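A.B. asks: Structure for the following, please:
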Amino acid sequence: MTAKEIRESFKKFFESHGHLVVPSAPMVIKDDPTLMFTNAGMNQFKDIILGNREPKSRRQTDSQKCLRVSGKHNDLEEVGHDTYHHTMFEMLGNWSFGDYFKKEAINWAWEYLVDVLKIDPSILYATVFEGAPDEGLARDDEAAGYWEQYLPKDHIINGNKHDNFWEMGDMGPCGPCSEIHIDLRTEEEKQAVPGAELVNKDNPHVIEIWNLVFMQYNRKADQSLEPLPNHVIDTGMGFERLCAVLQGKNSNYDTDVFQPLIQEIARMSGSKYGDDAKKDIAMRVIADHVRAIAFSIADGQLPGNAKAGYVIRRILRRAVRYGYTFLGFQDAFMYRLLPVLTAEMGEAYPELEAQRILIAKVMKEEEESFLRTLATGINLLDGVISETLKKGSKQIDGKQAFTLFDTYGFPLDLTELICAEQGLTVDTEAFNVEMQKQKERARNAATVETGDWTILGEGETQFVGWDRTEQECHILRYRKVAQKKRSFYELVLDMTPFYAEMGGQVGDTGLLVNGEEQVEIVDTKRENNLPIHVTNVLPQHPEAAFLAKINLEKRHASEANHTATHLLDQALRQVLGTHVEQKGSLVTPDYLRFDFSHFQKVTPEDLRKVERIVNAHIREDLPLDEHREIPIEEARQMGAIALFGEKYGDKVRVVRFGESVELCGGCHAHSTGRIGLFHILSESSVAAGVRRIEAVTGQMAEETVYVMQDSIVALKELMNNAKDLTGAVHKALDDNAELRKQVEAYMREKAELLKTKLMENAQVVNGTKVIRALTQLPAEVVKDLAFKLVGDSRESMMVVIGSVAEGKPMLTVMLSKDLVSDHQLNAGQLVREAAKLIQGGGGGAPHFATAGGKNADGLNAAIEKVVELAKL
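C.D. replies: Now for the predicted structure:
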């Protein structure tokens, strides 16, 4: 069976058992603060499992694209070195929400593997939870009993809490799980060591292929367990591993999931897969990573310097350095693999083809950027190696290696490789100490202690904020949260006008009022589809009735900015073309930010056209035409724009203003006239093929206009109220340029006179001319003077000049070539030490270096210090 056939057979099997086949959720998660990426099939169902949403079907199945770069068996640096671990992978799964439980889950798993896929039952093993007496948990005899219908007892293995008790997190739903393992060894190996002894022992040929999780408990904040009202079945089977089993391969990378990519990498690099172990690892790394990067970009996550963006950048850079180091790729290459990836996976995941141009542009630019970083890193490392060798050491300082990694993105293994070529090692212990310190800092910054929910009432939150700004309500539940020495409370209301942050629009703020007591709502956010109201204090009587009142001024400002974002989207498509697609947005009361796909800078003329179109629609006062809870197909027929990387339900809300029609759950102005005025502040690049516009509306747009008016009035006054202000400014600039030329000519003349005088007064120390000077010349003139002094002389020479420009002292050191090569002097080291006397610092090349400081009175002493340190 091909990979495509295997994926379809799984979904069809469970569909035949009454499961609803649902599409994969995006791999990038936007509305869950606890996760950046989908790392398991159950992520898209978290809100159902937690009881925050009713499922559209009690039985569901899918193939979910996932990404893991940390956790059990998922260290990024290990991917590619073994046969079966990946960053991006597909998880086949089936779920039951309060319907069937252990019996059916086990029966169907066996039926699919043995009866449908024809896997030999004698090579299958099942693990069951052995129990945890310290928590009052007995062995999962129920699951073991069902397995005994199919497997001999020596193929049913007890597993500990680490392997066989699944937990969503420190708190929440959990329960025992039963893993299905398969023994793919040869008959001789099986005779020598029974498979049961190798289950969960990291043997590459005795591996887990399916995990059946039986959620039946809820973990509380005090770590105690209570029964879960509705049992949940959550199963996950590694698609790539299953393909390897069915295609008779010992490695996932030998299946048709990866081989087309690997063969293309081999062709591009002029290598053959299987001939060289190090090259093979590099090809596996690239084949794995290109999938993760492409799907992330398709889902809207661009490489960046923080959070999810940094994860993607890190994966891409790891692939590039393997290609650079082991396969000889000197130029961007990964983007050229996209046609093969799309041909293999585009049918199951159409977003690959739809976003093909953007993915390629972003990937190519990121690759080129990192290749430049590698070149910079190699130059810096050469300097570190040179310093190390001068000290007579054979080991690079681990702290310096970490600085290269942390500041410049230069990987440790490449540092080790280059050092080994020079006969050096790296102090990896010191490197790891620095890495651990960084992780501790990050961990401490992110530590959150969350209490149990105090339940006051049952039910789901009803959002009424599209229609009302005030609403009588009750608190359904609340909990205390501690983070970074700050405590706050999270409240869930039965009815709320507060919009919870989602889709780029920030959450509402406002008040909860009960008689004389007013509690401020400082933020409204969404967690697992649950609207949470954040307060600094808990109401005195949480069980009382309250009036929820949103901050109207901020809400109206957010509504205006959100509606303006829709008008901006439509105007950009009108001016630039229909290739424009939204790639992200931020809507706040103060301003709006809109990211969109476009492959060049938007010209000022086009920006002005866009601005005019939006303001014309504002003057038209187009009414909000809203359609709630309509089928998504009907919405598409209306021309509604759906965003890639967003997951929509069967029923959606359509927001229309004239020709602008979008799927949107946010809050909007009742008509475009209420926006008042729209003004673009800036247009910039976010990544290759993605531009960003920041803009303001209403009062903030007015204030921007006033600031511009005030600036023009002030400028006119400076130009004696000239009628032609632009002409007057040009004349002033031209006059200034002419005066600058005259000053520079005077400075050059003065420097030439100073040069002659300095050469006449030079002191000779052991055959080396030493020139000392103290001057008021600007830094660029001093530099030019130093180069001329040394360049015009064939003698051994040291130039040390102290200068003060605009009150700031500067020390300049220039050495002739022989002092650097024969005497092993280093201007950078000399100036760095002497700069302490002017309360400053600096550095530079071995032959030329400068340092700035704060204390001009110390310049004479600093000059003498340089000469003293040189020991001529």
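
A.B. asks: Only C-alpha atoms from now on, for both contacts and neighbour counts.
C.D. replies: Noted.

A.B. asks: what packs against the helix or strand of the chain with the lowest mean pLDDT?
C.D. replies: When the helices and strands of the chain are scored by mean pLDDT, DSSP states H and E, strand 448-450 comes last with a mean of 81. Strand 448-450 sits against strand 470-483, with contacts defined as 3 or more CA pairs under 8 Å, 6 or more residues apart in numbering; DSSP states H and E.

A.B. asks: Adjacent strands (with direction) for the least confident helix or strand of the chain?
C.D. replies: Looking at strand 448-450 with DSSP bridges, its partner strands are strand 470-483 (antiparallel).

A.B. asks: Give the residue farthest from the middle of the protein.
C.D. replies: Note on the chain: the largest C-alpha distance from the chain mean falls to residue 760, namely 61.5 Å (CA atoms, centre = their mean).

A.B. asks: can you pull the pLDDT of that residue?
C.D. replies: Per-residue confidence (pLDDT) for residue 760: 87.

A.B. asks: Which helix or strand contains residue 733?
C.D. replies: helix 725-760 (DSSP states H and E).

A.B. asks: Now do the buried residues in stretch 111-121.
C.D. replies: Buried residues in stretch 111-121, defined by neighbour count with 16 or more other CA atoms under 10 Å: 112, 113, 117, 119.

A.B. asks: And what about the last one, helix, strand or coil?
C.D. replies: Here residue 119 is recorded as coil under DSSP: H, G, I helix; E, B strand; the rest coil.

A.B. asks: Spit out the contact partners of it.
C.D. replies: Counting by CA atoms under 8 Å, 6 or more residues apart in numbering, residue 119 touches 113, 246.

A.B. asks: if we go to 10 Å?
C.D. replies: Residue 119 makes contacts with 110, 112, 113, 182, 245, 246, as judged by CA atoms under 10 Å, 6 or more residues apart in numbering.

A.B. asks: again, but for residue 577
C.D. replies: Residue 577 makes contacts with 570, 571, 598, as judged by CA under 10 Å, 6+ apart.

A.B. asks: Please report the distance of the last one from residue 364.
C.D. replies: So that's residue 598. Distance, residue 598 to residue 364, using CA to CA, to the nearest Å: 15 Å.

A.B. asks: The two: who's more crowded?
C.D. replies: Neighbours per residue (other CA atoms under 10 Å) separate residue 598 from residue 364, with residue 598 holding more: 21 against 18.

A.B. asks: Return the residues in contact with residue 173.
C.D. replies: 46, 49-50, 166-167, 214-220, 225-228, 231-232.

A.B. asks: following the one helix or strand residue 188 maps to, which helix or strand comes up?
C.D. replies: Using DSSP H and E, the element containing residue 188 is helix 187-192. Next helix or strand after helix 187-192 toward the C-terminus (DSSP H and E): strand 206-219.

A.B. asks: Quick check: mean pLDDT of that following strand?
C.D. replies: pLDDT averaged over strand 206-219 gives 94.

A.B. asks: What helices and strands are in contact with that strand?
C.D. replies: On a contact count with 3 or more CA pairs under 10 Å, 6 or more residues apart in numbering; DSSP states H and E, strand 206-219 meets strand 88-97, helix 102-110, strand 124-129, helix 161-164, strand 165-167, strand 172-183, strand 225-238, helix 239-246.

A.B. asks: Same list (those) but as JSON lines, adding mean pLDDT and distance to residue 638.
C.D. replies: Listed next are the helices and strands packed on strand 206-219 as JSON lines, based on pLDDT from 0 to 100; distance: least, CA to CA, whole Å:
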{"stretch": "strand 88-97", "mean pLDDT": "95", "distance to residue 638": "34"}
{"stretch": "helix 102-110", "mean pLDDT": "97", "distance to residue 638": "42"}
{"stretch": "strand 124-129", "mean pLDDT": "97", "distance to residue 638": "51"}
{"stretch": "helix 161-164", "mean pLDDT": "92", "distance to residue 638": "49"}
{"stretch": "strand 165-167", "mean pLDDT": "92", "distance to residue 638": "43"}
{"stretch": "strand 172-183", "mean pLDDT": "94", "distance to residue 638": "41"}
{"stretch": "strand 225-238", "mean pLDDT": "92", "distance to residue 638": "37"}
{"stretch": "helix 239-246", "mean pLDDT": "94", "distance to residue 638": "37"}
